[in-house]
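# Got a sequence here, can you build the structure:
(chains A and B)
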Amino acid sequence: MGVGFAVGVLGVLILSHAAYFTIQYRSLLKITEEQFSGPPINVVMELIAGLVLCMWAALTVPGKFLSILPQSDENQVVALPANLDFMIFNHRGKTLPSSMDAKFK
Amino acid sequence: MVSKTEEDQVNRLESQVENGGGGEWEYLCLVRKLKLRRSYNVLKYGLSILNDPKKRSAIGPEEWTLYEQVAAAAMDCQRLDLAKDYVKVLLEKFPESKRVGRLEAMLLEAMGLWEEAEKAYSSLLEDNELDPVIHKRRVAMAKAQGNISGAIEWLNKYLEIFMVDHDAWRELAEIYVSLQMYKQAAFCYEELILSQPTIPLYHLAYADVLYTLGGLENLHMAYKYYASTIDLTGGKHTRALFGICLCTSAIDQLTRGRNKDDKENLQLAPLSALALGKDYKQRAPNKVSMLASTLRSLKLSS
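Presented below is the predicted three-dimensional model:
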């Protein structure tokens, strides 16, 4: 948890550094009056690195992913709830001997 | 809807508590959340918590919910003395509560005093006309007294007001099936499938009812719903696979004299036979020969 979080923070810092660097580069180009065709190559590398780190953090920090397919083994509906609102007490269990002698104190 | 993971969790906790490993409170909370009817265990472990003042104070304000749960379990296990004690404790704590009033009326029901229970429910209904739980308890009382037609009448009236209540539709469907009124039961299952289409058990029950009704159209529909059950469970439901084979053989029997062009393609039967064979080989290898002979006799009869 701690490692993933730290990696995520690092990724966000790298992305923000890339953004800051691009803005600075653009203002530099405005001074030299050239066209802004695209960010320099090292900014692109930084962006890719930041993307990879952030994605890795986003997948590891939340923990175990649950399956959503209804046919996967964990999601099989095994039984319906026992309709406790319609529970009746007039069943055959009345004739069974009660094996519990516990009393309420 | 109890999924497999939840069922495993409950069973694990149950065996853990049975072997003295603690965790009773979690077990009781889980049973309450999943609305299971395990009254004997609930009573046993609930008593062990409530009789121990240390454990009782450890759960804090939720002990009153526990009282309610254990009282209902006591009524189910026919320990009416225990139930009476718990209801008395709850009445002392919450004297004007409707919830405790309901529990009291349930106790009267459990004791078999039907008229008093009916009076208690009517007086509770005067205060709040539209309490669904009281309506449902009236239906349950009619059912317990053996007055099934009265129960159906009350349940229909209830469903006219509260059309969204799935449990009530399911209860009505089961009552109709028990009286062999299959057309009405099919209607109830249709309502259930409309409101909760992703639960395969409703499709299965609907297909069963249609297959029981018989007739070519119903058999075709039953075939389709068995197929949708298999779709929703990823091909693992043995009963639906058997249903496909039976439907195919029944349809073949009915359309035996007709022209080949009129017959629709029912191609799922050999596939489901294969799937069944694989399943049996994996889970019950000594019954594979019995399965093979059954499937062969189904095909021979067509």
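
# May I have the secondary structure class of the residue in chain A positioned nearest to chain B?
Closest to chain B within chain A is residue A:71: 2.5 Å, counting by Cβ to the nearest Cβ. Every C-beta, even on glycine, is put in place using the N, C-alpha and C of the backbone. Under the three-state scheme (DSSP: H, G, I helix; E, B strand; the rest coil), residue A:71 adopts coil.

# what about the strands in the chain?
Just so you know, I chose chain A. A:77-79 (DSSP state E).

# was after chain B, sorry
Secondary structure of chain B by DSSP E: the strands cover B:2-3.

# quick one, what contacts residue B:232?
Residue B:232 sits next to A:70, A:71, B:198, B:199, B:200, B:203 when contact means Cβ atoms under 8 Å, 6 or more residues apart in numbering or on different chains.

# Can you read off the backbone torsions of residue A:34?
Torsion angles at residue A:34 (phi, psi; degrees, to the nearest 10) stand at phi -110, psi 170.

# Identify the residue nearest the residue nearest to the spatial centre of chain B in space, chain neighbours excluded?
Nearest residue to the geometric centre of chain B (Cα atoms, centre = their mean): residue B:170, 7.6 Å. In this structure, residue B:170 finds its nearest non-sequential neighbour in residue B:192, 6.3 Å apart by Cβ to Cβ, 6 or more residues apart in numbering or on different chains.

# wait, doesn't that neighbour sit right on residue B:200?
No. Between residue B:192 and residue B:200 there is no contact under Cβ atoms under 8 Å: 11.9 Å.

# quick one on the thing from earlier: now that we have the contacts of residue B:232, which one has the most neighbours?
Within these, residue B:203 tops the neighbour count with 26 neighbours, counted by other Cβ atoms under 10 Å in any protein chain shown.

# Tell me the pLDDT of the closest residue to it other than its chain neighbours.
Nearest non-adjacent residue to residue B:203, counting by Cβ to Cβ, 6+ apart: residue B:229, 4.5 Å away. Here, the pLDDT recorded for residue B:229 equals 91.

# ok, residue B:229 to residue B:38 distance?
From residue B:229 over to residue B:38 the distance is 27 Å, taken as Cβ to Cβ, to the nearest Å.

# How many neighbouring residues does residue A:39 have?
There are 16 residues near residue A:39, going by other Cβ under 10 Å.

# List the residues that contact residue 14.
Picked chain A for this. By Cβ under 8 Å, 6+ apart, the neighbours of residue A:14 are A:46, A:49, A:50, A:53.

# that's the wrong chain, I meant chain B
Residues near residue B:14 by Cβ under 8 Å, 6+ apart: B:27, B:38, B:41.

# go on, residue B:101?
Going by Cβ under 8 Å, 6+ apart, residue B:101 touches B:120, B:124.

# Let me see the confidence value for it.
Residue B:101 carries a pLDDT value of 90.

# Name the residues of the stretch 151-300 of chain B found near chain A, please.
With Cβ under 8 Å from any Cβ of the partner chain as the criterion, the stretch 151-300 of chain B meets chain A at residues B:167, B:170, B:171, B:198, B:199, B:200, B:201, B:232, B:233, B:234, B:235, B:236.

# tell me, what residue is most central in chain A?
Centre-most residue of chain A, counting by Cα atoms, centre = their mean: residue A:62, 4.0 Å.

# Look up phi and psi at that residue.
Per degrees, to the nearest 10, the backbone of residue A:62 is at phi -70, psi -20.

# quick one: it from residue A:3, how far?
According to Cβ to Cβ, residue A:62 and residue A:3 sit 14 Å apart.

# For residue A:3, report the pLDDT, please.
For residue A:3, the pLDDT comes out at 85.

# How about residue A:101?
Listed pLDDT for residue A:101 reads 64.

# can you check residue B:261 too?
Note for residue B:261: predicted pLDDT of 56.

# what's the burial count for the spatially closest residue to residue B:184 that is not a sequence neighbour?
Of all residues beyond its chain neighbours, the one nearest residue B:184 is residue B:176 (4.6 Å), with distances taken as Cβ to Cβ, 6+ apart. Using other Cβ under 10 Å, residue B:176 has 21 neighbouring residues.

# pretty sure residue B:176 is in contact with residue B:189, am I right?
No. At 9.5 Å, residue B:176 does not count as touching residue B:189 under the criterion of Cβ under 8 Å.

# about what we covered before: residue B:229 and residue B:38: which is more packed in?
Legend: neighbour count by other Cβ under 10 Å for residue B:229 and residue B:38, higher for residue B:229 (25 against 18).

# Tell me the spacing between that one and chain A.
Going from residue B:229 to chain A by Cβ to the nearest Cβ, to the nearest Å gives 11 Å.

# same deal with residue B:189?
Counting by Cβ to the nearest Cβ, the separation of residue B:189 from chain A is 12 Å.

# so where is the chain shaky, pLDDT-wise?
In the absence of a named chain, chain A is used. A:1, A:99-105 (pLDDT under 70).

# let's do chain B instead
Those would be B:259-265, B:300-302, if you go by pLDDT under 70 across chain B.

# Of all residues in it, which one is closest to chain A?
residue B:234 (2.5 Å).

# and that residue, what does it touch?
By Cβ under 8 Å, 6+ apart, residue B:234 lies in contact with A:69, A:70, A:71, A:72.

# Pick out the most distant pair among those.
A:70 and A:72 (7.4 Å; Cβ to Cβ).

# Could I get the full set of helices for chain A?
Secondary structure of chain A (DSSP state H): helices at A:2-32, A:41-60.
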